[in-house]
Structure formats: structure tokens, C-alpha cells
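Visitor: The following comprises the amino acid sequence and a computationally predicted model.
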Amino acid sequence: MLLNMSLDSETSGSGRDWFFPSPSFLRSSSTQYGHRFYSHSKPDTPPTLTGIRHRRRVKFPRTPTLTNDKPQVPNTENAKSSAKNNLIFLSQSRFQFAIVGDILGLNLRLHACHRLDSLNVTSSTSQDANPGLRENFKRNLALFFSFTLLFIPLIIFKYIDYVSKSIFSDNISERVSLNKQIAYRVDVFLSVYPYAKPLVLLVATLLLILLGGLALFGVTTEDLAHCLWLSWTYVADSGNHASSQGIGPRLVAISISFGGMLIFAMMLGLVSDAISEKFDSLRKGKSEVVEQNHTLILGWSDKLGSLLNQLAIANESLGGGTVVVMAERDKEEMELDIAKMEFGFKGTSVICRSGSPLILADLKKVSVSKARAIIVLAEDGNADQSDARALRTVLSLTGVKEGLRGHIVVELSDLDNEVLVKLVGGDLVETVVAHDVIGRLMIQCARQPGLAQIWEDILGFENCEFYIKRWPQLEGMQFEDVLISFPAAIPCGIKVATYGGKIILNPDDSYVLQEGDEILVIAEDDDTYAPASLPTVWRGSLPKDFVYPKSPERILFCGWRRDMEDMIMVLDASLAHGSELWMFNDVPEKEREKKLTDGGLDINRLENISLVNRDGNAVIRRHLESLPLESFDSVSDIY
């Protein structure tokens with residue numbers, strides 16, 4: 001072992017500095033690892049020994065050399081000085097050997113400490129390296145897992161396609177490809193379930209956030225929760241990936257941003273489609289009507305205008321009402337036609353919906369079970385087809401599971417179909433053969449001038465009209481007393497509860513009102529009359545005979561109606577014997593007889609009237625001038 005030792009003679013009295021290298025010093029640089037020891041510590045004075053500044057040579061006396069000369073005998077002084085020098089040399093040698101021993105021991109201890117330090121550093125370094133390896137393994141596993149999830153569906157599809165090809169290898173022409181099967185299943189799923197599209201979009205968004213977060217966790221040093229949050233920000237806003245650093249994070253961020261743009265484009269498409277469908281349903285009248293005690297009109301005809309006008313007048317005393325019209329027409333067209341009607345609705349709101357009265361779903365859409373009254377209008381055109389459709393509508397109404405609160409009024413075109421409709425509808429259905437009723441009213445108005453104004457006042461809601469209502473306080477009273485119980489109304493009939501609601505006009509004076517009977521009156525409005533106490537009546541004498549003898553009449557009908565045979569039969573029953581009915585129209589005479597015969601009229605069995613046929617057009621004046629117009633008692637235009 002090499003030992004360098006320095007002894008400073010100038011500082012030998014105060015202390016000694018010893019410099020020696022450790023074994024590692026010998027293997028490394030000569031100035032990096034140095035160890036100094038002080039015999040007397042001086043904390044304020046740093047050691048200045050940087051190397052070996054003084055070397056002291058110790059001169060040892062040489063031994064005498066043997067020669068051929070005679071030995072010389074030293075003198076006494078030289079012997080004393082030589083002995084003194086020997087003693088000094090021995091003491092210095094002992095001191096130097098003691099110091100060398102101490103230095104060797106200290107070097108061995110320092111070498112052992114240095115090896116322990118190196119072992120500790122190595123062990124701590126290995127311990128510190130283990131968590132880093134585990135963290136890198138986790139990130140690589142997350143990155144691998146994210147890419148695996150992307151490619152697993154493709155692998156599964158390819159495998160299924162390969163298996164299907166191997167199974168159906170014999171019938172390749174009849175086999176449906178896997179792509180078509182998957183597309184069909186997806187199409188069925190999206191069309192059958194209403195919330196399928198938002199659900200698929202939600203799952204795609206969550207899957208993109210999860211895969212993007214795992215990929216970011218694999219290429220960055222952030223924790224998993226922060227990577228998932230970054231993935232969501234990239235999906236929500238494609239501009240957030242601009243702050244990414246590094247090739248890997250930037251590639252992952254760009255991929256997530258592209259997926260986010262695709263998802264948000266799909267979301268905007270779904271929202272836009274939903275809003276468009278909602279507006280289209282409102283515009284086309286597909287939305288549901290949430291109303292109660294409303295009047296429901298099914299169908300569309302030229303009578304709708306007058307019907308709405310009368311309903312508006314009737315609801316005026318109640319502050320207005322709600323009328324719902326459903327027909328197989330576009331909602332905008334119906335609203336436009338109603339807006340063109342030249343009358344005020346007086347607080348009544350008219351709601352139009354597009355639908356078919358033959359479909360239960362459309363009937364539920366207009367709250368048919370909560371309607372106060374249901375009116376079924378006849379279609380313009382063929383009478384039999386119109387009545388057949390009305391019959392089917394009544395069948396649909398009776399099939400409502402929730403039941404009907406109000407009654408049904410059905411307009412028919414042919415009197416022969418009335419019995420069938422009442423048989424199907426039961427007590428809820430009331431039929432009105434408008435064509436025949438109008439024909440009879442025309443006959444009566446033709447024979448009685450001014451009767452048309454009375455019918456208009458009674459059957460309309462402008463002045464007085466018919467009302468039916470039950471008055472429990474009048475039960476047990478005779479009808480002759482009921483007649484004078486209403487100061488502001490005129491009783492004219494009874495709706496008998498025991499006869500299934502049959503109305504009897506002008507019953508006997510001795511009829512006693514039973515429980516549940518309703519009284520039919522003519523009044524100005526439903527809230528303008530009420531029964532009062534019986535007034536005092538002075539009895540008087542009335543003439544016994546009001547019957548006047550009938551005289552023959554001559555009546556002119558201009559035009560032709562489908563129910564001409566019914567009108568002729570009514571006239572034959574009401575006119576005096578010897579009356580004449582002139583029919584002036586452009587229908588050939590032979591066809592007239594055939595149509596009347598097909599309608600059930602036997603001309604030979606007419607008792608009171610005789611038919612006179614004339615060809616011509618009532619619009620042309622010269623045709624009218626060919627008739628003896630001054631000889632007719634009444635003229636009716638029955639087109």
C-alpha cells in the first residue's frame with residue numbers, strides 16, 4: 001500500500017496534518033476523495049494541506065566499511081554524537097510506525113464504510129426503481145387495453161363471417177352477408193325503440209371517453225382520473241387538444257377530438273330531427289288534445305261552417321267553449337278554411353287535428369272519452385258510401401275501452417240506413433237524416449209562407465231554441481200544471497225515462513211526471529228559464545172546432561233530389577185530393593219514373609196528388625216563362 005505522509009516542521013508544536021487516500025481514491029481521481037485528520041482540531045482555520053509541501057530527509061549513519069586498512073578507532077565525542085543520533089532515530093522510527101499503524105486502521109475502517117455506503121445507495125436505487133417499473137407497466141397495459149377494445153369488434157365480425165362462410169358454403173347464393181344482417185338488426189333496433197338513438201349515442205360517448213382516457217394514461221405521466229377528465233374535455237370541445245405536448249399525447253388527443261366532433265354532429269342531428277318532428281306534428285295536427293267537456297266533430301263537409309257558428313252562439317252565455325275538429329285533411333288547410341268563415345266565435349276556440357275517425361289511436365288523440373258530445377258528419381258524394389263510413393265510425397267509437405261520456409249524433413244520407421246505425425250504436429247514438437229532414441222542412445215551408453223564418457229561429461241559437469232539462473221539483477206534477485210553471489219558456493214535450501229516453505211531443509194533460517223525466521221547452525237560452533210557483537189562471541171557453549176544409553193545391557218543384565220519392569209521399573199524405581205536383585227539371589221523363597220506382601215509390605198508388613212532368617232548366621228564363629207560374633200555390637227550388 002502506498003502511503004504519503006507529510007510532517008510540517010513549522011506546525012509540529014501545535015498539531016500535525018496527515019493526508020492519506022482511501023482505497024477508492026487510488027482507483028479514482030487523486031483530488032476527489034481526500035480524507036484529512038487533525039491532531040488538534042481548529043474549526044476556524046481550514047486545513048491548508050493540499051499536497052506534500054515539505055519533505056524531510058532523515059539521514060541515517062552509515063556503517064563502517066571493511067577495508068584492508070586497519071580499523072580506525074573512533075574518538076569519544078564522535079561516539080557520543082553517534083549514540084545520540086541513534087536514540088533520536090529510534091524514537092522517531094517508533095513514532096512514525098505508530099502513526100502508520102493508526103493510518104492503516106483508519107483506512108480499513110473508511111474502506112468498509114465506503115463499501116457500506118455503496119451498498120446502501122445500490123439498494124435504495126433498486127428500491128426506487130421498482131415503483132417506476134410498476135407505473136410504466138400500468139401505463140403500457142392501459143394503452144394496450146384501449147387499442148384492444150378498438151380492434152375486438154372487428155375481429156369478432158371477421159370471425160363470425162368466416163364461420164358463417166364455412167357453414168353455408170354449400171348455399172353461397174342464398175346466404176345473407178354478415179354486414180346486411182347487422183345493418184338489418186341495427187335498423188330494427190333503432191326503429192322499434194323510441195329511445196334507441198339517444199341510448200346508442202350515450203354509450204358511444206362513454207366508450208370514447210373511456211378509451212381516450214386509457215390511451216392518454218398510457219402516453220402521459222398523469223393519473224387515470226385526470227386523463228379521463230382530459231378525454232371528456234377533448235370530446236366536448238375539439239380545441240382543447242391544442243395544449244398537448246409530445247407526439248403520443250397529440251396523436252391521442254387528435255383521435256379523441258375527431259371522435260368528439262363525430263359524436264356532437266350526431267347529437268346535433270338527433271336534436272334537430274326531434275325539434276323538426278315536434279314542429280311537424282304541431283303543424284300537421286298530430287299532437288294530443290288534452291281537453292274535457294268539449295264538442296268533438298268528426299269529418300268535414302259544407303255544413304261545418306253553420307255548425308260552428310251555432311255552437312259559438314250557444315257557448316256565448318258560458319263564456320266560450322272548445323270545439324275539436326278531426327278530419328282526414330291537413331291541419332293548415334282546415335284552419336285556413338275556418339278562418340275564412342265570416343262570423344265571430346264569441347270566445348269559442350276551435351282546435352283542428354288531422355286523423356281518421358276509424359283509427360282508435362286517432363280518436364284517443366282528441367280525447368274522445370272525455371267529450372261532452374260527438375258529432376259525425378256525412379261525407380259529400382255517394383249516400384251509401386257515406387253511411388257505410390258513418391257506420392264504421394260508430395263501431396270505432398263503441399270500441400273505445402275508456403268508454404264515452406257524451407252522446408253521439410250521426411248524420412246520415414239515406415233514411416233506410418238509420419235502423420242499422422241505431423242497432424250498432426245503441427242508446428248513445430242519435431241519427432239525423434239531414435237530407436230527408438231538409439226536404440220535409442222545404443215542403444212545409446212551401447205550403448206555409450213564413451214558416452221558414454220560424455224554423456230558423458227555433459232550430460238556430462240566435463233567438464229561442466229547444467232545451468231539455470230535468471227539474472226534480474216538478475216530479476209528480478201533471479203536464480197541464482207544467483205548462484204554466486215556466487214564465488220564460490214554453491214546455492212542448494217530455495223525454496220519458498222509462499221509455500229509453502223517447503221524446504213525446506205535446507203529451508196528454510193528465511200525464512204525471514215520473515222520476516228521471518226531462519222537460520222539452522222552447523226558451524231564449526238555457527239559463528234564462530226556471531220553474532216558478534203555479535199562477536192563478538182564469539178559465540174560459542174555447543171554440544171546439546178549429547178544422548178548416550182542405551182545398552186542392554198546385555205545387556211546382558224546380559230541380560231534382562235524390563230523395564224525391566220521399567218528398568212526394570209526404571205531399572201525398574198532407575195535400576187535399578186533386579192536388580198537382582209539377583216537376584220541372586232536365587232529367588228525361590223515362591229516367592224520372594225509373595228513379596222513383598227504384599226509390600220505392602209506386603206512382604199508381606198515389607191518392608191525393610198527380611204528377612206532371614216538364615222538361616227544362618230553371619236557370620234559363622225562357623224555360624220558366626213556358627210554365628203557368630201564376631197558377632201555382634207554391635214554388636220550391638229543390639236542387
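Guide: Yep, that arrived.
Visitor: which stretches of this structure have low pLDDT?
Guide: The model of the chain has pLDDT under 70 over residues 1-140, 142-143, 145-147, 149-151, 153-154, 156-179, 285, 542-548, 639.
Visitor: Nearest the middle, which residue of it would you pick?
Guide: The chain has residue 274 as the residue nearest its centroid, 6.9 Å off, counting by C-alpha atoms, centre = their mean.
Visitor: That one should be in a helix, yeah?
Guide: Yes - counting by DSSP: H, G, I helix; E, B strand; the rest coil, residue 274 is found in a helix.
Visitor: and it, how far is that from residue 202?
Guide: Going from residue 274 to residue 202 by C-beta to C-beta, to the nearest Å gives 15 Å. Yep, even glycine has a C-beta here, placed from its N, CA and C like the rest.
Visitor: what packs against the strand or helix carrying residue 390?
Guide: Under the criterion of DSSP states H and E, residue 390 resides in helix 383-398. Helices and strands touching helix 383-398, by 3 or more C-beta pairs under 8 Å, 6 or more residues apart in numbering; DSSP states H and E, are helix 360-365, strand 373-376, strand 407-412, helix 418-425.
Visitor: what do you get if the cut-off is 6 Å, keeping everything else the same?
Guide: On a contact count with 3 or more C-beta pairs under 6 Å, 6 or more residues apart in numbering; DSSP states H and E, helix 383-398 meets helix 418-425.
Visitor: Contacts for the helix it packs on next, please.
Guide: Contacts with helix 418-425, where a contact means C-beta atoms under 6 Å, 6 or more residues apart in numbering, come from 391, 394, 410, 412, 429, 431, 433.
Visitor: between that helix and helix 383-398, how many degrees?
Guide: 20 degrees (axes from the mean of the first three to the mean of the last three C-alpha atoms, to 10 degrees).
Visitor: Buried ones in helix 418-425, by neighbour count?
Guide: 418, 421-422, 425 (16 or more other C-beta atoms under 10 Å).
Visitor: Just the C-alphas of stretch 554-568, formatted as PDB.
Guide: Taking Å, rounded to 0.1, in the frame of the first residue of the first chain, the C-alpha atoms of stretch 554-568 are listed here in PDB:
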ATOM      1  CA  ARG A 554    -150.800  23.200 -57.300                       C
ATOM      2  CA  ILE A 555    -147.100  23.000 -56.300                       C
ATOM      3  CA  LEU A 556    -144.000  23.400 -58.600                       C
ATOM      4  CA  PHE A 557    -140.700  21.600 -57.900                       C
ATOM      5  CA  CYS A 558    -137.700  23.000 -59.800                       C
ATOM      6  CA  GLY A 559    -134.900  20.600 -59.900                       C
ATOM      7  CA  TRP A 560    -134.300  17.000 -58.800                       C
ATOM      8  CA  ARG A 561    -133.200  15.500 -55.500                       C
ATOM      9  CA  ARG A 562    -132.100  12.000 -54.600                       C
ATOM     10  CA  ASP A 563    -135.000  11.700 -52.100                       C
ATOM     11  CA  MET A 564    -137.600  12.900 -54.500                       C
ATOM     12  CA  GLU A 565    -139.800   9.800 -53.800                       C
ATOM     13  CA  ASP A 566    -139.900  10.600 -50.000                       C
ATOM     14  CA  MET A 567    -141.000  14.200 -50.700                       C
ATOM     15  CA  ILE A 568    -143.800  13.000 -53.000                       C
END
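Visitor: from the chain's centre, how far out does that stretch sit?
Guide: Between the centre of stretch 554-568 and the centre of its host chain there is 58 Å, according to C-alpha atoms, centre = their mean, to the nearest Å.
Visitor: Which of the buried residues of helix 418-425 sits closest to residue 406?
Guide: Lowest distance from residue 406 to the buried residues of helix 418-425 (C-beta to C-beta) belongs to residue 425, with 12.8 Å.
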